[in-house]
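1. Provided below are the primary sequence and the corresponding predicted coordinates.
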Amino acid sequence: MGLRFRPQGLRFRPGGLRPLHCSVVKQSMEVYPCPEKYRQGGDVRPVVVLFGWLLAKSRHLHKYGELYHQYGADVITVKLEVTEFIMPSNPKKGKASALKCTENLKEFYENEDEFKFSEAKPEQQQQKPEQVVKAKKRQAATPASEFQDSDPEDDEYDKGGSDLEMQGMLNSFGADITKTLAAKRKRIQTFTQASMKASSRKFEEVWRSQQHERSTHYDEFSRQVMNVLNQWETDLQKTREAEEKLENLYKQQQKLFQQQRIVQSQRLKRVRQLHEEHTKNMQQMQRSHESQQVSVQEQLRKEINILQKKILMDTV
C-alpha cells in the first residue's frame with residue numbers, strides 16, 4: 001500500500017520548483033518523564049503526546065514539552081523525519097532536481113543533530129552529473145522562502161509519470177513504514193493502557209477514600225443528630241410529665257374550689273334562713289309586745305277608773 005505524506009498548508013519549493021512529495025519517512029518516539037521539581041502529588045500524572053513532522057526546528061518540540069512539564073505531565077514525542085523527496089517527473093530537470101532538493105534540506109538542517117538525512121544513492125549520483133553543472137544558477141533557498149502557504153495552483157502538476165514513479169518508490173518502503181507505525185502504535189497503546197489503568201486505580205482509591213470519609217462523616221452526623229433527638233425526646237417527656245402534674249393540680253384546685261363554693265353556698269343559704277327566721281320572730285314578738293301593751297294599758301285604765309271611784313267614794 002502506497003502512502004503519501006503532505007504537510008497541511010506547506011509546500012517545499014526550492015527555487016520556485018514544483019511541490020515535493022515524501023519518498024522516505026523515518027519515525028521515532030521518545031518519552032520525556034516529568035522532572036521531579038514539576039511533579040505534583042500522587043502516582044498518576046497526565047500524558048501529552050506531541051505528534052508532528054520535523055519540518056520545524058526540533059527545539060519547538062522541546063519547548064512545548066517543557067511547557068507541559070511545568071503542569072506536571074509526561075511528554076511523548078512522535079517524530080516523522082523526511083529523509084528523501086520525490087520531484088514530479090520533468091524531462092528537463094529529472095532526478096537532478098530531487099538531488100538538489102535533498103541537498104537543500106541537508107543545508108537547512110545542518111545545525112540540527114536529530115535530523116539526519118540519508119545520502120543519495122550511488123546510482124543517483126552517477127546518473128547525469130552534468131545536468132547539475134549545466135543547470136541554471138539559483139539563489140540559495142532559505143527556510144523562510146522555502147516554506148510558503150499552499151496555493152491551489154501548486155496542486156496542478158503533471159500526474160502521469162510522477163504518480164507512477166512515486167507509487168513505485170512508496171510501495172518499496174510501504175511495508176517497512178507500516179511495520180514501524182504498527183510497532184510504535186502498539187507501544188503508545190500499551191503505555192496509554194498502563195497509564196489509564198494506573199489512573200483508574202488511583203481514581204478508584206480516591207473514590208473509596210472519599211466514600212469512606214463521607215460515610216464516616218455521615219455516621220458521625222447521624223450519631224450527633226440521634227443524641228440531640230434523644231435529648232429532645234427526653235425534654236418533651238419531662239414537659240409532658242410537668243403538664244400532667246399541672247393538669248392534675250389544676251383539677252384538684254378546681255375540685256377544691258367547687259367544694260368551697262358549695263360550702264359557701266350552703267353557708268349563705270343558712271344565713272338567709274336565719275335572717276328570715278329572725279325577721280319573722282321579730283315581727284311576732286313585736287305583735288306580741290303590742291298586744292301586751294294594749295292589754296296592760298286597758299288594765300291600767302280600768303284600775304285607774306276603779307281607783308278614781310274609790311277616791312270619790314271616800315271623799316263623799
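-> That came through, no problem.

2. now residue 268: how far from residue 209?
-> According to C-beta to C-beta, to the nearest Å, residue 268 and residue 209 sit 86 Å apart. Backbone N, C-alpha and C define where each C-beta goes, glycine included.

3. please apply the same query to residue 285.
-> 111 Å.

4. the chain: strands as residue ranges?
-> Listed in chain order, the strands of the chain (DSSP state E) span 10-12, 21-32, 47-53, 74-86, 147-149.

5. quick one: mean pLDDT for the longest one?
-> Along strand 74-86, the predicted local confidence has a mean pLDDT of 64.

6. low-confidence ranges in the protein?
-> Filtered on pLDDT under 70, the chain yields the residue ranges 1-29, 41-45, 51-63, 79-176, 316.

7. regarding it, what is its longest helix?
-> When the chain is scanned for its longest helix (criterion: DSSP state H), the result is helix 161-315.

8. and it, what does it pack against?
-> Contacts defined by 3 or more C-beta pairs under 8 Å, 6 or more residues apart in numbering; DSSP states H and E place helix 161-315 against strand 21-32, strand 47-53, strand 74-86.

9. what about residue 250, neighbour count?
-> Burial measure for residue 250: 10 neighbouring residues, criterion other C-beta atoms under 10 Å.

10. next one: it from residue 282, what distance?
-> With C-beta to C-beta as the criterion, residue 250 and residue 282 are 47 Å apart.

11. now residue 235
-> Residue 235 is 68 Å from residue 282, by C-beta to C-beta.

12. same question, residue 295
-> 20 Å.

13. give the buried residues for stretch 67-78.
-> For stretch 67-78, the neighbour count (16 or more other C-beta atoms under 10 Å) marks 68-69, 73-78 as buried.

14. need the max-distance pair from these.
-> Maximum pairwise distance in the buried residues of stretch 67-78, criterion C-beta to C-beta, is 17.1 Å, between 69 and 78.

15. now residue 73: how far from residue 203?
-> 17 Å.

16. hang on, I meant residue 257
-> Distance from residue 257 to residue 203, by C-beta to C-beta: 77 Å.

17. try residue 238
-> Residue 238 sits 52 Å away from residue 203, going by C-beta to C-beta.

18. what do you get for residue 245?
-> 62 Å.

19. same thing with residue 218?
-> 22 Å.

20. cool, and residue 67?
-> Residue 67 is 26 Å from residue 203, by C-beta to C-beta.

21. do residue 290 as well
-> From residue 290 to residue 203 the distance is 125 Å (C-beta to C-beta).

22. tell me the contacts of residue 305?
-> If you count contacts by C-beta atoms under 8 Å, 6 or more residues apart in numbering, residue 305 has none.

23. what is the neighbour count of residue 187?
-> 14.

24. find the nearest non-adjacent residue to residue 31, please.
-> Using C-beta to C-beta, 6 or more residues apart in numbering and skipping residues adjacent in sequence, the residue nearest residue 31 is residue 76, 5.3 Å away.
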